[in-house]
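A.B. asks: Sequence and predicted structure are below.
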Amino acid sequence: MKKLNHSHLNRGAVMKNFQKIILGLILSIFFSVNVYSQNFNDALRLSEPGIISGARSLAMGNAYVALSDDFSASLFNPAGFGLIKNMELVGGLNYNSFNNNTTFFNQRTSLSNDVKKFSQVGVVLPFPTIQGSFVVALGYNQVKDFNKVLGFSGYNGGNNSYIQDLTSYNDDMAFKLTLSYPIYDANKKYLNDVTLINGRLNQRGNVLQDGGLNSWSLSGALEIQQDLFVGATFNIYSGTFNKTRDYYEEDLNNVYPSSVLLDPSEPGSADFKSFNYRDIIDWNISGVGLKIGALLKIEDNINLGATIKLPTKFTIKETYSLSSMSLFGTGDRFSYVPPEERLEYEISSPAEFSAGAAYFKNNLTLSGDLTMIDYSKMKFESGLDKSATSTKNADITYLMRSVLNLNGGFEYTLRNSRIALRGGFMLMPSPFKDDSSDFDKKYITAGIGYNFSKQSSINFAYVYGWWNDIGDNYGSNISRTFQDVIFQNFVTSVRFNL
């Protein structure tokens, strides 16, 4: 979480006289330090590819770099637009369900959250040419959905707590809630904060994330020689992200009875009952990006495709708010609500290099893609303190690795029928260097398409994904959640050819 660590020259002075209060306030102007929570997870949120696409491509495991013969080419390979001969209108709806089964100190908690949104709206416009093709497309894609949920509750019998963690940083929140107090040397000089809390508390909480990243795209494709197409997509990104976190520590076993004053100078700090906080992070996201691609047809039964997605620079306008409270058996409550923090900074995502092949035989289509992403190239750019930016980027380099995402799929059109059956898989290895394969995101996909006529069709896709995750409330592996994630996604798309 974000910490507001104000100068403790100010804190010590407040406990003395008015003159020193004024001195402390003046000093705090120059020596106050704001420690923000931005880290590699924030960069990863924007850098890891989403899976939402058109229903046909998604049902085929998003193995679409060498196909891309509909509006989803704007997501995969804009060169594929050159294959389209007729004007096309597309619309899609996305529904996803995120279920998290969390184990925390041998206690299991399950939470889920569902989201429904428009996923795609677009138009493809082929222009007449003497030879070859020239095609333009524009529209909207939901690139990512940030839907995520986490709940946990369990008794931590160790000698650690979030209160102790805050105190170790001399954090104002613990002090304001009378959960810690300052100590001084013989000359009344402030040394540090201490707390009488020594673990053995019940810890519980929940985290809800929502929002998404959207793109408005303009694409163009040319057939530069027979059966060789090139194209580009320019994306304007916009989106939101919200993360609301509630956390509690409770003395259910009366480890800290009425005889224990957590702040010796405050009688109301006896008989500790609970501590809780809520913090909220809100993002407004904007950015621009470019993807270029090529597609080659080899006779009538093989397509080869390749794309490069250039690094994308996102601008984040962030608002952070915090409220916290402590409760004691004396009936006293102490609260701490610092002012909202607002800042603006930039994150650059790494380049993506993709290659794919598709094979056609009678009514069967097989396709496969490889995508290389080096997550160690994520970067925090301008907007944050230079020293903090350097540290965050060093963490990214140390923790992250290059991965190779795999996609595969098939489509089979039933003979003498208007029905197409589809299936596929996706494998997205964890970007963290030390993660086992349990943390890789794995998806299986299925779908069906029905052609009402040569001019119109409807497509359905279903995705089932699973992976493991972990999270620390504070420190490292001392208050850790172990998460088994189940992800389900339904997409419906309709297409009209004019």
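C.D. replies: Here it is on my side, so go on.
A.B. asks: Thr103 is in contact with Arg480, isn't it?
C.D. replies: No. At 9.5 Å, Thr103 and Arg480 do not qualify as touching, with contact defined as CB atoms under 8 Å. (Glycine included, C-beta is placed from N, CA and C.)
A.B. asks: got any ranges where this protein has weak pLDDT?
C.D. replies: 1-37 (pLDDT under 70).
A.B. asks: show me where it has helices.
C.D. replies: 8-14, 18-31, 40-47, 55-59, 162-168, 172-176, 386-399 (DSSP state H).
A.B. asks: Can you name the residues bridging to Tyr155?
C.D. replies: Beta-bridge partners for Tyr155, by DSSP bridges, are Asn202.
A.B. asks: ok, it - contacts?
C.D. replies: 105, 107, 201-203, 252 (CB atoms under 8 Å, 6 or more residues apart in numbering).
A.B. asks: Out of those residues, which comes closest to Gly331?
C.D. replies: Distance to Gly331, by CB to CB, is smallest for Leu252 among the contacts of Tyr155, at 18.5 Å.
A.B. asks: looking at it, that closest one is touching Arg204, isn't it?
C.D. replies: No. Contact criterion CB under 8 Å: Leu252 and Arg204 do not qualify, at 10.4 Å.
A.B. asks: Same drill for those two, tell me which one is more crowded.
C.D. replies: Using other CB atoms under 10 Å as the criterion, Leu252 and Arg204 rank with Arg204 on top: 19 against 11.
A.B. asks: For Asp171, see how far away the residue nearest to the more buried one when sequence neighbours are not counted is.
C.D. replies: Spatial nearest neighbour of Arg204, chain neighbours left out: Ser153 (3.6 Å); criterion: CB to CB, 6 or more residues apart in numbering. Distance of Ser153 to Asp171, computed by CB to CB, to the nearest Å: 24 Å.
A.B. asks: neighbour-wise, which of those two wins?
C.D. replies: Shown here are Ser153 and Asp171; by other CB under 10 Å, Asp171 has more neighbours (22 against 17).
A.B. asks: Please report the distance of the more buried one from Asp193.
C.D. replies: Asp171 is 8 Å from Asp193, by CB to CB.
A.B. asks: same thing with Asn147?
C.D. replies: On the measure of CB to CB, Asn147 and Asp193 end up 38 Å apart.
A.B. asks: now do Gln488
C.D. replies: 46 Å.
A.B. asks: Tell me which of the two has more neighbours.
C.D. replies: Asp193 (21 against 17).
A.B. asks: Give the full set of residues in contact with the more buried one.
C.D. replies: 167, 170-171, 174-175, 180-183.
A.B. asks: and if we set it to 6 Å?
C.D. replies: 167, 170, 180, 182 (CB atoms under 6 Å, 6 or more residues apart in numbering).
A.B. asks: repeat for Ala63
C.D. replies: Contacts of Ala63 by CB under 6 Å, 6+ apart are 367-369, 407-409, 424.
A.B. asks: May I see the ChimeraX selection of the buried members of these?
C.D. replies: Per 16 or more other CB atoms under 10 Å, the buried members of the contacts of Ala63 correspond to this ChimeraX selection:
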select :367,368,369,407,408,409,424
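A.B. asks: Asn303: which of the contacts of Ala63 is nearest?
C.D. replies: For these, the nearest to Asn303 is Ser367 (8.2 Å; CB to CB).
A.B. asks: Who does Asp374 form a beta bridge with?
C.D. replies: Ser402.
A.B. asks: separation between it and Tyr345?
C.D. replies: For Asp374, the distance to Tyr345 - CB to CB - is 22 Å.
A.B. asks: Against Ser335, how distant is the nearest residue to Leu196 once chain neighbours are set aside?
C.D. replies: When the adjacent residues along the chain are set aside, Leu196 lies closest to Leu262, with 5.4 Å between them (CB to CB, 6+ apart). For Leu262, the distance to Ser335 equals 15 Å [CB to CB].
A.B. asks: who's more crowded, these two?
C.D. replies: Each of Leu262 and Ser335 has its neighbours counted (other CB under 10 Å); Leu262 has more, 24 against 10.
A.B. asks: Test my guess that the more buried one contacts Ser269.
C.D. replies: Yes. Assessed by CB atoms under 6 Å, Leu262 is found in contact with Ser269 at 4.3 Å.
A.B. asks: Give me the common contacts of these two.
C.D. replies: Joint contacts of Leu262 and Ser269 (CB under 6 Å, 6+ apart) are Thr178.
A.B. asks: Give me the distance between Phe432 and Glu48.
C.D. replies: 11 Å.
A.B. asks: Compare the two (neighbour count), which wins?
C.D. replies: Glu48 (19 against 15).
A.B. asks: max-length strand in this protein?
C.D. replies: The longest strand of the chain (DSSP state E) is strand 272-298.
A.B. asks: Distance from the chain centre to it, please.
C.D. replies: Strand 272-298 sits 5 Å away from the centroid of its parent chain (CA atoms, centre = their mean, to the nearest Å).
A.B. asks: Sheet partners, orientation included, of that strand?
C.D. replies: strand 228-250 (antiparallel), strand 302-309 (antiparallel), strand 313-328 (antiparallel).
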